[in-house]
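Participant: Let me see the structure of the following:
(chains A, B, C and D, ligands or ions: 4)
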Amino acid sequence: MAKVLQMKNISKFFPGVKALDNVDFSLDSGEIHVLAGENGAGKSTLIKILSGAYQKSEGEIFLHGQKVEINNPIKAKKLGINVIYQELELALNMTVMENIFLGKLPLSNRAFGTVDFNKIYQETKNILNKLGLDFTPNALVGDLRVADQQMVEIAKALLGNPEILIMDEPTSSLCDSEIERLFTVMNDLKKADKSIIFISHRMEELWEVGDKISILRSGKMITTESLDEIDENGVTTAMVGKEIKNKFPKQKLNIGDEVLKVENLSSNKGIKNISFKVNAGEILGISGLVGSGRTEILRAIFGADKIEEGEIYIKSKRVKINSPNDAVKYGIGLIPEDRKQQGLVLDLNVKDNITLSILKKLAKSGVLNEKKMKEVSKEYIDKLSIKTPNMNFKSKLLSGGNQQKVVLAKWLCAKSNVFLFDEPTRGIDVGAKVEVYELMIELAKNGAAIIMVSSEMPEILNMSDRILVMHEGEITGKFKAEDAKAENILNCAMGGELSGNK
Amino acid sequence: MVTSNHSTNTNNHLSKLKNFTYKYIYLVIILIFVVALTILSPHFFSYNNFINIFRQVSVNFILGVALTYVIITAGIDLSVGSILAFAGVTAGLFLRTGGNFIVAILIALLIGSICGLINGVLVAKAKLAPFIATLGMMSIARGLALVVTSGNSITIDNANYTFLGSGNIYSIPMPVIIAIIVLIISSFILRKTWFGRYLYAIGGSHEASRLSGIKVDKLIIFTYTISGFLSGVAAVVLTARLWSAPPIAGQGYELDAIAAAVIGGASLMGGKGKILGTLYGAMVIGIIRNGLNLLGVSSFLQQVVIGVIIILAVFLDKMRNKNE
Amino acid sequence: MVTSNHSTNTNNHLSKLKNFTYKYIYLVIILIFVVALTILSPHFFSYNNFINIFRQVSVNFILGVALTYVIITAGIDLSVGSILAFAGVTAGLFLRTGGNFIVAILIALLIGSICGLINGVLVAKAKLAPFIATLGMMSIARGLALVVTSGNSITIDNANYTFLGSGNIYSIPMPVIIAIIVLIISSFILRKTWFGRYLYAIGGSHEASRLSGIKVDKLIIFTYTISGFLSGVAAVVLTARLWSAPPIAGQGYELDAIAAAVIGGASLMGGKGKILGTLYGAMVIGIIRNGLNLLGVSSFLQQVVIGVIIILAVFLDKMRNKNE
Amino acid sequence: VQAQDDVIGVDEEEAEYNIGFIVKTMANPYFARMKDGAEEAAFDFNINLTWVSAQEHTDAEGQLNLVEDMIEREMDAIVINPVGPEAIVPAINQANERGIPVVIVDTTAAGGEIVTFVGMDNVDAASDIAEYVAQELNGSGKIAILEGVRGHSTAEERLVGYNNVIDQYPDLEVVASQAANYDRSQGMSVTENFLVSNPDLDLIISSNDEMALGAIRAIRAAGMQNQVKVVGFDAINDALVSVNNGEMLATVESVPDMQAYESVKAAVDFLNGKEVAPEVIVPCIVVDKNNVDEFLD
Ligand SMILES: Nc1ncnc2c1ncn2[C@@H]1O[C@H](COP(=O)(O)OP(=O)(O)OP(=O)(O)O)[C@@H](O)[C@H]1O
Ligand SMILES: Nc1ncnc2c1ncn2[C@@H]1O[C@H](COP(=O)(O)OP(=O)(O)OP(=O)(O)O)[C@@H](O)[C@H]1O
Ligand SMILES: [Mg+2]
Ligand SMILES: [Mg+2]
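Facilitator: Numbers count the residues shown, from 1 in each chain, chains lettered A, B, ... in the order given. Ligands and ions are numbered 1, 2, ... in the order given. Next up is the predicted model:
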């Protein structure tokens, strides 16, 4: 197979951070090459150098053996390199078709510069059909769910038939069926001799789709191997530097008293008649397809969306939650699915974000207690092993997974006793996943009630005490963990008969 | 299930009605003003007065269009009023030497465009906050207008030139005709051309646009140039209307123009804005001013009333968006 | 590896030096101005003139602080100049009836705060664009100031009151003392209190702040109230300095105040801004104005020069940020 | 909404004529005095008078709009106090086309058919006060000028008037001349700077009283009231008080109320078919300590 791309001795320095250190990477044609590594290992940085979004500090890049300088995204596109970025880069105020054709809108009349809307409508429709998406090309991207936005980003990258396609965690917000469709598309590209660089923190899918794997750790390339020759253990060991024994450290805990109860909850965002309860020390998993209303349940409980009907009880006392502020007072914490927009204030530093919801409490007669803030931040940076040069580092500059950990830290230090996790391990590396699970167990041990919305079946099956399944805003299944089976859950998620036992 | 379906149907009908009202709330609000003023003032509802209003609105509308373009890219242009003055006096000075009126117009447009270009370069290349770059230009262009005229208004007596401000074609005043041309072209550009669409994209997400290979810097420079160009157009209309070019013309116009764009739905955060909306914004301001004058409301109270109405108009529009 | 380490070390030293220069570029730029003006004008470098400059800068600085607060939350307040006038004339009218000077001050502060509160409610509750809400208030407050005075300046002859503008303590003028108090308190609030930190958070991300349990609406209302309150403080200083309250006082001050905040590093996109920066911004503007006056530069050219220097000052500051 | 406070004179039904009166701004007491004169005339001649003003005294287009609105209301005659001589011409032309007679007051018009111009000559008035200053200083001294809104015709004309006279006195020197935009607080700040750069200043000529009053504040704050004198323009009430108690040296009374009265009278005379002189110049009077009693209320 011909070498399409070679990156040699690539280094990248940010002020105070050596993100890449002498990295070599090469790509064959018709190959799907997995790039793996912990959060902050430098994966995104490496591919951003390739796509012209960042400039390398040192090193050389060869395409088909020819040395190239990729100084900007336009150059990369010209060279046939398309990217799906980890943090979605879309114009939310524009339609799906305009986003897909952004930067290359076809014209119906050259002289007037008029856009050929018919053409992009038709072509977008074709692409959407191919990807099995049901929204119209005219839909505003801002109105789409995160998952659909991700699919738009993918459709956009497929356009123009790139020679090299880079996908930075494209599957993190997709459901299984969407992932399957994506893999089909990827395999088609591969057959057409295109090359793909694929980044994902979902271990199981690496072998499903990848040919080769390169593993980064702390900015250094550890190894490149064929995926036939390395198993999951090998990959995690190379990534984390040590072996991970138990991926799901679930323990059987004593279930305490009822902490949160929801009765007949309905909201105008599409959830109907939701009733359930969670006890101290319990993890309630909520499964379902993308768009089934899981996020809306959490948001309604948290006071982020208006509740139309229904009651919420905390420790058997009825409470009114009209705003997130109320929810926080009752000891509820929300780890939202969209950390960039909702979880973090990106321009604030790590310390401020961690202490954001307790700043007022830490303060003495209005004055911030910086010492306390530092202590608390240090405690949770250590506890969650957040990779940051220091606690005054801007959260914007953290790697995706570490940002997620900061959001977690915020609610941990708020001493919440009800945790609403929305896709808690999205974009988090294997090692950190285990850490997050361990934390959840730790929280549960200390008497917290946990609701965990997740699209990852193994996570749902292995970490929950009980499982709810959602379909179109309604609960269609309730399972005890020990009785739950993947196919039953899936059946309920598709709207099948209510099954399982209470 | 039947009931639920039924209620959904009624809901649909209701929401269709609602949608219709909300979609045309622009017209509804203007209609309310018109009816109220017709009742209150015997002079308001007449062909001549409507022509008056349109003529009075034209300059603010043209500048409002300039600002709509800039605001869509998440920028702002405070210098339109000063550029108007500078472009106007240069054209006036040229006419005073006996120059040809077409050349004079071209000079005004060129001066406007150059000032806009400088704004654009400062914003896109020197990466200055648009507020600061254009605040600087506001001061510079005003100073230059005063310097070249030594502070005196320039009298313009070229009949061809003044026709553009005071003449009529089929009893439609020229300023209105020019405003309509600006309306059609600028609306066409924003809605139908790649350039227009990319402006929205840039306003929506700078970074996404850059990564998609859009030459963001160039387009932003061009946008400010357009804004300057339109200030030049407004300069021609205004000076031709006034038969003279005062170096202090257009003071405070930037706020009215921004208000027109924002009342019309443009968001200062970028990515939103429509020329028809800006027309609505300019009309609301113009009708209120005209109506209050006809009613003989004192200029002090007028300021209070205008403030209240601007807030109300935008508030109603907000309600619309909420219900959409 | 040794060489690489070595080069990193040199880099470190260099970058430390750079960092130092860039960190204090505020002072460097001001120093350059001071040196240049000292060379150009024999009168510039004197105790009296510096007192002059500080006194002249105080009102703009206080309003600049008001805007820094608002701008940090990604808002804007165009009404500070008008609120200043309205608060000033109400205090003046009260004093004219023989009222106590402390009550007069409280009235000015209260009127300012109420206007600010209304701005805040319009922005946070009615969800109006800050630009529009405060543009409306700008018009309303100005109109009210003119209505209650019938357009006449109100003479103030209460010596206790005018002491606040014209008196000295240990030969430091009262306006400067008041400005320093505002500086210390407002800087303390922004840097050391939870309220200040939450303002930055809100400016950085409205939604993330709300979802962290911050009462975003309340804090925004409070911020605009502070802005109004500070306009009241500025009103007291200005009217006490003038021994009278003109209803047209403070016209155009909003632009100077915004410029001070933005030159000082506040970003209109929110989340950024420092009181010390605003002081720098106000000083730059004040020194230029003073210097140009002393140099006898014609009023026309002054406008050109001020425009250029504002752009330059911000440009230099940009370079700093780039290198940080 | 019917804030008819600016319709003055007799009721529309009983009135002999409807006249529109358009001024630059109301945010200056000078124009309030004009309004008083107009009101007096309205009652004397049985007129229904609609009084309007532009928002800003620099807004030529705004004033053109106002005239257009007046024409729409089919006034019998219009009195205009133009923002500027040139920019008002098309407004006058429009009135001419509709056959509505126009009287111009206070500031001249550069063209168009008008019944008459009533008012003062700003250049002459400025010369008068400058002449007064020259006498006070015995023909020698250092003078600073506070300019109005530059580019605004009254501001420019007054400057011309001052300089015409000062140029004739070789020992009178203008050491500084800066705009303070008719604004009291700017008048104060600019004066503060004058005093620093010209510690030996003798006198400040200000293009209106508001700035002059600000200048006086600055001078007193610097303790230089015995050295630096101030003259203003317009004779607003605060200035007369100031002249009376010796803070301000002099100001110029251009009798805006009489100008307004005369302009309404001219309009009525014209409508009644009487002969009207093409120009009615109202003499300006320099007001100082000696004659201030005559003008103080
Ligand atoms: N613009 C920047 N300035 C400073 N440091 C940066 C910047 N961008 C990234 N970094 C740092 O570089 C390192 C690598 O980040 P990168 O985003 O490449 O990680 P990643 O491997 O993609 O992680 P994840 O799996 O969490 O997405 C991190 O320590 C990060 O904090
Ligand atoms: N702003 C909105 N207005 C009306 N309906 C909405 C809105 N946002 C989401 N919905 C609807 O609510 C339902 C749930 O959406 P959402 O995608 O957030 O669910 P989810 O189960 O949390 O999915 P995931 O977490 O996998 O993204 C969908 O039917 C969606 O169309
Ligand atoms: Mg990454
Ligand atoms: Mg969700």
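
Participant: CA atoms for contacts and neighbours, from now on please.
Facilitator: Will do.

Participant: Helices of chain B, residue ranges please.
Facilitator: With DSSP state H as the criterion, chain B has helices at B:2-23, B:25-40, B:47-72, B:80-96, B:101-124, B:130-149, B:159-166, B:174-192, B:194-204, B:206-211, B:216-242, B:253-263, B:275-295, B:299-323.

Participant: Packed most tightly, which of those would that be?
Facilitator: Of all the helices of chain B, helix B:80-96 has the most neighbours on average by mean count of other Cα atoms under 10 Å in any protein chain shown, namely a mean of 30.

Participant: orientation of that helix relative to helix B:159-166 in degrees?
Facilitator: 150 degrees (axes from the mean of the first three to the mean of the last three Cα atoms, to 10 degrees).

Participant: returning to that earlier point: wait, which of the helices of chain B is closest to C:Phe94?
Facilitator: helix B:299-323 (20.7 Å; Cα to Cα).

Participant: tell me the pLDDT at the most centrally placed residue in chain A?
Facilitator: Nearest to the mean C-alpha position of chain A, by Cα atoms, centre = their mean, lies A:Arg426 at 3.5 Å. For A:Arg426, the model assigns a pLDDT of 82.

Participant: Next: the one 3 residues further on.
Facilitator: In this model, A:Asp429 is scored at 85, pLDDT.

Participant: wait, which of the helices of chain B is closest to chain D?
Facilitator: Proximity of the helices of chain B to chain D was assessed by Cα to the nearest Cα; the nearest stretch is helix B:216-242, lying at 4.8 Å.

Participant: how much distance is there from that closest one to the middle of the chain?
Facilitator: Chain-centre distance of helix B:216-242: 11 Å, with Cα atoms, centre = their mean, to the nearest Å.

Participant: Would that helix count as contacting chain A?
Facilitator: No: Helix B:216-242 stays clear of chain A (Cα under 8 Å from any Cα of the partner chain), getting no nearer than 10.0 Å.

Participant: For that helix, what does the pLDDT average out to?
Facilitator: 96.

Participant: Which neighbouring elements make contact with that helix?
Facilitator: In terms of contacts (3 or more Cα pairs under 8 Å, 6 or more residues apart in numbering or on different chains; DSSP states H and E), helix B:216-242 is packed against helix B:47-72, helix B:80-96, helix B:101-124, helix B:159-166, helix B:194-204, helix B:206-211, helix D:60-72, helix D:89-97.

Participant: what about 6 Å?
Facilitator: Judged by 3 or more Cα pairs under 6 Å, 6 or more residues apart in numbering or on different chains; DSSP states H and E, the packing partners of helix B:216-242 are helix B:47-72, helix B:80-96, helix B:101-124, helix B:159-166.

Participant: For ligand 1, what's the nearest residue on the stretch 201-324 of chain B?
Facilitator: Nearest residue of the stretch 201-324 of chain B to ligand 1: B:Glu207, at 13.6 Å (Cα to the nearest ligand atom).

Participant: if we can go back for a sec, and the helices of chain B as JSON lines, adding distance to D:Val165?
Facilitator: Output for those, formatted as JSON lines (distance: least, Cα to Cα, whole Å):
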{"stretch": "helix B:2-23", "distance to D:Val165": "66"}
{"stretch": "helix B:25-40", "distance to D:Val165": "53"}
{"stretch": "helix B:47-72", "distance to D:Val165": "41"}
{"stretch": "helix B:80-96", "distance to D:Val165": "29"}
{"stretch": "helix B:101-124", "distance to D:Val165": "38"}
{"stretch": "helix B:130-149", "distance to D:Val165": "23"}
{"stretch": "helix B:159-166", "distance to D:Val165": "38"}
{"stretch": "helix B:174-192", "distance to D:Val165": "44"}
{"stretch": "helix B:194-204", "distance to D:Val165": "58"}
{"stretch": "helix B:206-211", "distance to D:Val165": "60"}
{"stretch": "helix B:216-242", "distance to D:Val165": "33"}
{"stretch": "helix B:253-263", "distance to D:Val165": "37"}
{"stretch": "helix B:275-295", "distance to D:Val165": "42"}
{"stretch": "helix B:299-323", "distance to D:Val165": "38"}
